[in-house]
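Trainee: Need a 3D model of the sequence below.
(4 chains)
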There are 2 protein chains.
Amino acid sequence: MARGENRPVTVRMIAEHVGISPAAVSTVLANRHEERRLAPATVERIRQAVRELGYVPNVAARRLRAHDPEVRHMELGILTSFEAPLFLVSRALRELQRSVDQRTAPDRRFSVSIDMFHAGRLREMPGLLSASRYNGVIISNTLPADDAFLTATTLPYAVVVQGRRLANYSCVLETPGVGGRRAAEMLLAGGRRQPAVLIPALLTQTTADRAESFCAAVRELTGRDAARISAADFTPASGAAALRSHLEAEPRCDGLFAVTDTLALGAYHAIKAARRTVPGDVAVVGVGDHEHADFFDPPLTCVGPVYDQVVAEIVALLFNLMSRRRVHPTEVFVPPTVARRASA
Amino acid sequence: MARGENRPVTVRMIAEHVGISPAAVSTVLANRHEERRLAPATVERIRQAVRELGYVPNVAARRLRAHDPEVRHMELGILTSFEAPLFLVSRALRELQRSVDQRTAPDRRFSVSIDMFHAGRLREMPGLLSASRYNGVIISNTLPADDAFLTATTLPYAVVVQGRRLANYSCVLETPGVGGRRAAEMLLAGGRRQPAVLIPALLTQTTADRAESFCAAVRELTGRDAARISAADFTPASGAAALRSHLEAEPRCDGLFAVTDTLALGAYHAIKAARRTVPGDVAVVGVGDHEHADFFDPPLTCVGPVYDQVVAEIVALLFNLMSRRRVHPTEVFVPPTVARRASA
DNA sequence: CAGAAGAGCTAAATCGATTTAGGCTCAAGT
DNA sequence: ACTTGAGCCTAAATCGATTTAGCTCTTCTG
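Mentor: Model (predicted):
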């Protein structure tokens, strides 16, 4: 395997290698050699060369040439991190697809895809800066490092950021300062005296805000500080581990705000393992408008924005940006609501 | 909004509209008019025209022109249906990304994205047939209609199909005929006399096989037929509803094989709502190597292939196909294993 | 007033693949 | 001997955007 000097293999290179025209190579690659009557021997030589040289088609070139010039094609993407739960993203995608299906016309088509980056390393995403991949994107689940990168950059296409405020970007997010407060109020109104918040080590802006507003509200309403329990990541396992330690250190803990549903699942496990009950011994409030929260045992009381509404706002904004009907960055806030179930 | 005769707006059209060269328009679009010293008035006229005409850049053209000719770019996709749970897909994506990160070199980059289709309507996916979107794809969660479409077609790029056998495609799937049998054996060995299987209305091939092999094994081992409980879809809610009816009609039901984890979650709910216990009154076996199954209450015993192994096989196959080291379709079977937990 | 400097813009090549129209050879038919 | 046709292949245009090299005109300098 030679490296370095070997540029990507093109149709032209194959043609030269075989001593034939690019047209013939293209014909074979498209499997149209029969109708175009290429000699079987030639076809074989071309195929051989294709294999030997390790040809990989350039999809951009193919698309450019192949597309119907009557149809305009819009490429939309949802960018999220590998580390984030895909669940919300899939709802966003579904909703985006719905909007897009409505707008699809004979002369107007859309492609929607999900792309993922490693949390905190959005800047390394290939093609992010080049405007050569998307007509518009939704960016979600960024960490502060990603936010800093975005703020320092201007992406040359339509962007809507979900779940955080960023200078110069259009953003859709939960009204800040409210979610955590609602959770705190619920727990305290339920007579809990030792409320704690369970958070992952890496916080997105919205998650951090939830934790902050929770702690602020607890302090304001009780004069004491809420415990902050830090889990290694978002998984139930790390949530369970973190809560287990906490319950040992602080046995009087009687109320919990878990900032993701996966952490809440782990928390349930730890609470039950410690032979306590939800909500009898420990009340739990989760986050979001989770489609499975009803099936937690007990069903999980949640605080969060109605997700469909968030997505609808995002999609509307994105299309306005792409059509340039809106030029300046806009912030849209969706207030969190409480879905009262059995856990608090 | 005129329709029909209006072809997509190109840079050239804007240039003609303004009475200037395409180069100038391109300069403005790239926001490089300062360094290239375009007159502010001209810039404004161009911007105006861009807005008026509703210009949408052609990303394929941009990419073709913009890319570094030293670097070969491979586009990989994971195709799955909107209706399927995204959870497994996200693991596949993560694993694919890992492989891809390893293979990334200065002269070799990859893009990986998830694309979704409506279950049963894969054929409507734009760009599927044209070879102008992907260098290689993994197709997952297809329904019989999609399978039929695929069998009748030859996609002009590397394809690996997950979870079903299709003529002329390379496939990776759970060893057929085994998973359901294991589930049946476990339930029967646990002394269950009235085992049932809970399935969604729309069955993928693997899911259907699990249900079949379960029923076959029950019949073989007991001489009686297992009950088939059909849920409207994959959601916990529909699983709960279906099982509720079943428990009313068939109160002696004491063992359940739920073919997806979401259905199992719904099943737990219905069983508890009927004031029965898992596994005391009803033992439950789920499917897969689910990262959250440990945190179900009680933890869910599962039958299924080790998912990481499945993904590893898929990725290996895909790369072999793309490099043309393997030309003929191959089938890879991954045997299901049992993860024994508390529910059965 | 010649020449330089700069402002403002354009022509044309280019990215990689596809496809249309047509060219050349040789054999068969008249 | 001349046409016809089949077989096999090529030249060149094309998709839409970007960029380099360079052109023209004005203004300023010495």
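Trainee: Contacts only, for the residue of the stretch 101-250 of chain A found nearest DNA strand D.
Mentor: Using Cβ to the nearest atom of the strand, the single residue of the stretch 101-250 of chain A nearest to DNA strand D is A:Ala131, 6.2 Å away. (C-beta placed from N, C-alpha, C; glycine too.) Residues near A:Ala131 by Cβ atoms under 8 Å, 6 or more residues apart in numbering or on different chains: A:Leu155, A:Pro156, A:Tyr157, B:Ala30, B:Pro57, B:Val59, B:Arg62.
Trainee: Repeat that for A:Gly127.
Mentor: A:Arg133, B:Arg63, B:Ser111.
Trainee: Go again with 6 Å.
Mentor: A:Arg133 (Cβ atoms under 6 Å, 6 or more residues apart in numbering or on different chains).
Trainee: Then A:Ala217?
Mentor: A:Ala217 neighbours (Cβ under 6 Å, 6+ apart): A:Arg181, A:Ala184.
Trainee: Near chain B, which residues of chain A are found?
Mentor: A:7-8, A:51, A:56, A:59-64, A:66, A:70, A:72, A:75, A:82, A:86, A:90, A:94, A:109, A:113-115, A:126, A:130, A:132, A:236, A:265, A:269, A:292, A:295, A:297, A:324 (Cβ under 6 Å from any Cβ of the partner chain).
Trainee: of all the contacts of A:Ala131, which comes closest to A:Thr175?
Mentor: Checking these against A:Thr175 by Cβ to Cβ gives A:Leu155 as the nearest, at 25.5 Å.
Trainee: Report the separation between that closest one and A:Phe295.
Mentor: 39 Å (Cβ to Cβ, to the nearest Å).
Trainee: more crowded one of those two?
Mentor: A:Phe295 (23 against 17; other Cβ atoms under 10 Å in any protein chain shown).
Trainee: which residues touch the residue lying closest to A:Gly304 once chain neighbours are set aside?
Mentor: Once flanking residues are discounted, A:Gly304 sits nearest to A:Gly288: 4.1 Å by Cβ to Cβ, 6 or more residues apart in numbering or on different chains. By Cβ under 6 Å, 6+ apart, A:Gly288 lies in contact with A:Asp261, A:Cys302, A:Gly304.
Trainee: Just the element for the second one, please.
Mentor: For A:Cys302, the element it lies in under DSSP states H and E is strand A:301-305.
Trainee: and that strand, what does it pack onto?
Mentor: Secondary-structure packing of strand A:301-305 (3 or more Cβ pairs under 6 Å, 6 or more residues apart in numbering or on different chains; DSSP states H and E): helix A:179-189, strand A:283-287, strand A:336-339.
Trainee: Given the shortest one, what are its sheet partners and their directions?
Mentor: Same thing as strand A:336-339. Note on strand A:336-339: by DSSP bridges, its sheet partners are strand A:301-305 (antiparallel).
Trainee: on that earlier part again, could I get the helices and strands packed on strand A:301-305 in TSV, plus columns for mean neighbour count and mean pLDDT?
Mentor: Below are the helices and strands packed on strand A:301-305 laid out as TSV (neighbours: other Cβ atoms under 10 Å in any protein chain shown; pLDDT from 0 to 100):
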stretch	mean neighbour count	mean pLDDT
helix A:179-189	23	97
strand A:283-287	28	96
strand A:336-339	19	94
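Trainee: Export these to a markdown table and append columns for distance to A:Val311.
Mentor: Listed next are the helices and strands packed on strand A:301-305 as a markdown table, based on distance: least, Cβ to Cβ, whole Å:
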| stretch | distance to A:Val311 |
| --- | --- |
| helix A:179-189 | 17 |
| strand A:283-287 | 16 |
| strand A:336-339 | 15 |
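Trainee: if we can go back for a sec, right, and the helix or strand after the strand holding A:Cys302?
Mentor: Counting by DSSP H and E, what follows strand A:301-305 is helix A:307-322.
Trainee: Report the buried residues of that following helix.
Mentor: A:307, A:310-315, A:317-322 (16 or more other Cβ atoms under 10 Å in any protein chain shown).
Trainee: pLDDT added to these, as CSV?
Mentor: Listed next are the buried residues of helix A:307-322 as CSV, based on pLDDT from 0 to 100:
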residue, pLDDT
A:Tyr307, 85
A:Val310, 91
A:Val311, 90
A:Ala312, 91
A:Glu313, 94
A:Ile314, 94
A:Val315, 91
A:Leu317, 94
A:Leu318, 93
A:Phe319, 91
A:Asn320, 90
A:Leu321, 91
A:Met322, 88
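Trainee: Going by distance to DNA strand D, which of those wins?
Mentor: A:Met322 (13.7 Å).
Trainee: Now do the contacts for that closest one.
Mentor: A:Met322 neighbours (Cβ under 6 Å, 6+ apart): A:Gly136, A:Ala158.
Trainee: do you know how far it is from B:Pro57?
Mentor: Distance from A:Met322 to B:Pro57, counting by Cβ to Cβ: 10 Å.
Trainee: quick revisit: quick check: ChimeraX command selecting the buried ones in the contacts of A:Ala131.
Mentor: A single ChimeraX command selects the buried members of these (16+ other Cβ under 10 Å):
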select /A:155,156,157 /B:57,59,62
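Trainee: related to what we said a few turns ago, who wins on neighbours among the contacts of A:Gly288?
Mentor: A:Cys302 (28 neighbours).
Trainee: Name the residues linked to that residue by a beta bridge.
Mentor: A:Gly286, A:Ala339.
Trainee: Isn't it up against A:Asp294?
Mentor: No: between A:Cys302 and A:Asp294 there is no contact under Cβ atoms under 6 Å: 9.8 Å.
Trainee: between these two, what contacts are shared?
Mentor: By Cβ under 6 Å, 6+ apart, no residue touches both A:Cys302 and A:Asp294.
Trainee: looking at this, A:Leu79 is in a strand?
Mentor: Yes: counting by DSSP: H, G, I helix; E, B strand; the rest coil, A:Leu79 falls inside a strand.
Trainee: what sits opposite the residue nearest to it when sequence neighbours are not counted in the beta ladder?
Mentor: Closest residue to A:Leu79 apart from its sequence neighbours, by Cβ to Cβ, 6+ apart: A:Ile139 at 4.7 Å. Legend: beta-bridge partners of A:Ile139 under DSSP bridges are A:Leu79, A:Val161.
Trainee: wait, A:Ile139 sits on A:Val160?
Mentor: No: using Cβ under 6 Å, A:Ile139 makes no contact with A:Val160, being 7.3 Å away.
Trainee: Can you show me the helices along chain A?
Mentor: A:11-18, A:22-29, A:40-53, A:59-66, A:86-103, A:144-151, A:179-189, A:205-222, A:236-249, A:261-273, A:307-322 (DSSP state H).
Trainee: weakest of those in terms of mean pLDDT?
Mentor: Note on the helices of chain A: lowest mean pLDDT is at helix A:86-103, with a mean of 84.
Trainee: How about the residues of the stretch 51-200 of chain A by DNA strand D?
Mentor: Listed as neighbours of DNA strand D in the stretch 51-200 of chain A under the rule Cβ under 7 Å from any atom of the strand: A:Ala61, A:Leu64, A:Arg65, A:His67, A:Pro69, A:Ala131.
Trainee: spatially speaking, which residue is in the middle of chain A?
Mentor: A:Thr80 (2.9 Å; Cα atoms, centre = their mean).
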